[in-house]
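curious how this folds, go ahead:
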Amino acid sequence: MSQEIERELGWEDEIEKEGGAFVLLPPGEYNFTVAKFERGRFAGSAKMPACNQAKLELTIHSPEHGDVTVFHNLMLHTKTEGFLSNFFTGIGQKKPGERLRMNWSIVTGAKGRCKIVENKYISKGEERVNNQVDTFLPYEKYLEHAGAQQQNYQQPPMQQQHYQQPAQQQQTQNQAPFPTGQSLQQPNTQPQQGFVPGNF
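Sure, this is the predicted structure:
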């Protein structure tokens, strides 16, 4: 089947596709691909000064649920340097104990393996849950699983990619001191996750 080319729609064009259903992945380890990287700016908070921010759109590859999009933010600050090292180590660009000049031009399309968790938060007075990255695993873990996953993984027919809508406003009550790693989910807005080797 040929892949449809994305294009701008005219005001009177016909439409047919429905929005993809929200999928909550079970907690666990998954391979991922960095689908998009965007430079941004974090305005600052009580616990984190204003700084540059890398906004990542990750495609999480699940053999059972297909591809799910999770959003993750990286703060460029000395307070969160460990999270940056965790990410670049996870995509095979940094070796433990070595210095690295961050090269963001190679981030889009990079692959690795990460640990996904469920994140509970309050939005409009209701408790909600979404997925977010807990930590990026060593690149060797990705290499170990990549071959087997490619052999066993089959995208469900006619399946649209699932998106977890970015949460950009309120912070989770069970949240870590620094606003970094975050995933998002259908209608809502929310933040990041607690510290685990290399997240923020």
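
show me which residues of the biggest strand by length in the chain are buried.
Using DSSP state E, we find that the single longest strand of the chain is strand 28-42. Within strand 28-42, the residues that count as buried by 16 or more other C-beta atoms under 10 Å are 30-34, 37, 42. (Glycine included, C-beta is placed from N, CA and C.)

could you list the low-confidence segments of this protein?
Low-confidence regions of the chain, defined by pLDDT under 70, span residues 1-4, 18-21, 147-200.

please enumerate the strands of the protein.
According to DSSP E, the chain carries its strands in the segments 28-42, 51-62, 66-76, 111-123, 126-136, 162-163.

which one of those strands is the most hemmed in?
strand 66-76 (a mean of 24; mean count of other C-beta atoms under 10 Å).

what helices and strands are in contact with that one?
The elements that strand 66-76 packs onto, with contact taken as 3 or more C-beta pairs under 8 Å, 6 or more residues apart in numbering; DSSP states H and E, are strand 28-42, strand 51-62, helix 81-90, strand 126-136, strand 162-163.

number of nearby residues for residue 82?
Residue 82: 14 surrounding residues under other C-beta atoms under 10 Å.

nearest residue to residue 52 other than its sequence neighbours?
residue 76 (4.0 Å; C-beta to C-beta, 6 or more residues apart in numbering).

how near is the one you found to residue 126?
33 Å (C-beta to C-beta, to the nearest Å).

swap in residue 101?
Relative to residue 126, and taking C-beta to C-beta, residue 101 is found at 44 Å.

ditto for residue 72
Distance of residue 72 to residue 126, given as C-beta to C-beta: 24 Å.

what's the burial count for residue 7?
Residues near residue 7, counting by other C-beta under 10 Å: 7.
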